[in-house]
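[1] Got a predicted model here, sequence first, then my questions.
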Amino acid sequence: MEDKLESIFTLQKGLADMMNLDRYPTDIEGKISALCTAIMHEAVELQRTTNWKWWKTPTTFNEEEAREELIDIWHFVIQASLELNLSPEDILKEYQRKNEINRQREKNGY
């Protein structure tokens, strides 16, 4: 059985193959810049599902909508990973490396 992250990568590759990429940058820096912009905008859409505006009357949190926005972020994060030639194994290694750095920072009062 395929690993779950491998499955996500396979799905993303299939989606990218279907897309019209006429306006997608051709250089790696342009691609990463475009994907960062998309991630930031999707993060704002996710934030908009919350009651962050303290001056407004709160509304009921829509968890389903929040999940959808989070998955939109995942699409762009996975595409950026593909553009940077990061495999699921690479992501795990990098995550573990950075997690250890963050743990050390916490221990040292960062």
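    Everything's here; your move.

[2] dump the residue contacts of Pro25.
    Lys31, Ser33, Ala34 (CB atoms under 8 Å, 6 or more residues apart in numbering). C-beta coordinates here come from the backbone N, C-alpha and C atoms, glycine included.

[3] Counting neighbours, which of the residues you listed end up buried?
    Buried members of the contacts of Pro25, scored by 16 or more other CB atoms under 10 Å, are Lys31, Ala34.

[4] Identify, from the contacts of Pro25, the entry nearest to Lys56.
    Ala34 (31.9 Å; CB to CB).

[5] which SS class is the closest one?
    Secondary structure, DSSP: H, G, I helix; E, B strand; the rest coil: Ala34 is helix.

[6] Report the contact partners of it.
    Tyr24, Pro25.

[7] coming back round to it: as a markdown table, the contacts of Pro25 with distance to Ile78 and pLDDT would be great.
    Shown next, in a markdown table, are these (distance: CB to CB, whole Å; pLDDT from 0 to 100):
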| residue | distance to Ile78 | pLDDT |
| --- | --- | --- |
| Lys31 | 13 | 97 |
| Ser33 | 17 | 98 |
| Ala34 | 14 | 97 |
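
[8] Which of the contacts of Pro25 sits closest to Leu92?
    Lys31 (22.8 Å).

[9] That closest one and Pro25, how far apart?
    Plainly put, Lys31 is 5 Å away from Pro25 if you go by CB to CB, to the nearest Å.

[10] what's the helix or strand in which Trp74 is found in contact with?
    Using DSSP states H and E, Trp74 falls within helix 63-83. With contact meaning CB under 8 Å, 6+ apart, helix 63-83 is reached by 8-9, 12-13, 15-16, 28, 31-32, 35-36, 38-39, 42-43, 45-46, 49-50, 91.

[11] For it, output the C-alpha coordinates as CSV.
    C-alpha atoms of helix 63-83 as CSV (Å, rounded to 0.1, in the frame of the first residue of the first chain):
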residue,chain,number,x,y,z
GLU,A,63,-15.0,23.9,10.5
GLU,A,64,-15.8,22.4,7.1
GLU,A,65,-14.9,25.6,5.3
ALA,A,66,-11.7,26.0,7.4
ARG,A,67,-10.7,22.4,6.5
GLU,A,68,-11.3,23.2,2.8
GLU,A,69,-9.1,26.3,3.0
LEU,A,70,-6.4,24.3,4.8
ILE,A,71,-6.4,21.7,2.1
ASP,A,72,-6.0,24.5,-0.5
ILE,A,73,-2.8,25.4,1.3
TRP,A,74,-1.7,21.8,1.2
HIS,A,75,-2.1,21.7,-2.6
PHE,A,76,0.2,24.6,-3.0
VAL,A,77,2.7,23.4,-0.4
ILE,A,78,2.9,20.0,-2.1
GLN,A,79,3.3,21.7,-5.5
ALA,A,80,6.2,23.8,-4.1
SER,A,81,7.7,20.6,-2.7
LEU,A,82,7.5,19.0,-6.1
GLU,A,83,9.1,22.1,-7.7
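
[12] No further queries at this time; thank you.
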